[in-house]
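Q: sharing a model that was predicted from the sequence below.
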Amino acid sequence: KMQAEARAAEMRSVVTGIKMAPQGGREEWMLEPGKFDLLSNVKKKQMKGKSNFDNLKSHDDEDAVQIDSRIQREIDSIMDAHANARGPSLMDHHRSKQHEEKMEKEKARKNGKGSWNWNRNSDLDKGRRVDKDALQMIMGGAGGDLKTKFQGGLG
């Protein structure tokens with residue numbers, strides 16, 4: 001029945017010359033690709049050379065106002081006092097800590113303490129062993145609880 005309806009609609013479209021969209025199918029605009037051409041748009045734009053984004057601020061010395069030397073010294077002393085009161089920045093603190101750790105490792109390596117003594121037989125499963133008491137503590141009464149919820153034993 002559906003094939004007959006589809007054939008009748010197709011015949012009507014052929015007779016009238018108007019394309020009809022099939023029922024439940026895709027329309028013509030969905031099947032044909034668009035007319036957009038990326039390369040022609042790229043060629044239209046003229047590249048004006050290399051773009052530099054250096055983010056440099058220009059300091060014009062000609063426009064700068066000369067400050068009295070007494071005032072400049074006072075400003076510098078205030079800035080130094082502020083920097084000393086604040087202490088080192090977090091980055092400086094982190095770098096110094098990393099440098100100290102590196103020096104300690106180097107010193108330990110020179111003294112022979114930093115050598116890597118690893119034995120496959122004893123160290124491979126060193127922290128992986130669990131004794132029965134710890135296993136019982138971890139598992140708790142799970143076995144008994146499972147037996148009450150499910151049938152225990154095979155038929």
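A: Received, thanks.
Q: distance of V14 relative to R7?
A: 10 Å (C-beta to C-beta, to the nearest Å). C-betas here are computed from N, CA, C, even on glycine.
Q: tell me the pLDDT at D61?
A: At D61, the model reports a pLDDT of 58.
Q: same deal with S96?
A: 94.
Q: does it count as helix, strand or coil?
A: Under DSSP: H, G, I helix; E, B strand; the rest coil, S96 falls in the helix class.
Q: tell me the phi and psi of V130?
A: Backbone torsions for V130, taken as degrees, to the nearest 10, come to phi -130, psi 130.
Q: residue closest to the middle of the protein?
A: What sits nearest the mean C-alpha location of the chain, by C-alpha atoms, centre = their mean, is M91, with 22.7 Å.
Q: so which strand or helix has it?
A: Secondary structure from DSSP states H and E places M91 in helix 90-111.
Q: need the helix or strand of the protein with the lowest average pLDDT.
A: Ranking every helix and strand in the chain by mean pLDDT, DSSP states H and E puts helix 38-44 at the bottom, with a mean of 64.
Q: so where's this structure uncertain?
A: Scanning the chain for pLDDT under 70 picks out 20-24, 37-64, 112-116, 152-155.
Q: let's see 50
A: Counting by pLDDT under 50, the ranges of the chain that qualify are 155.
Q: what about the helices in this structure?
A: Taking DSSP state H as the criterion, the chain contains helices spanning 2-16, 28-31, 38-44, 69-86, 90-111, 120-123, 132-139, 142-149.
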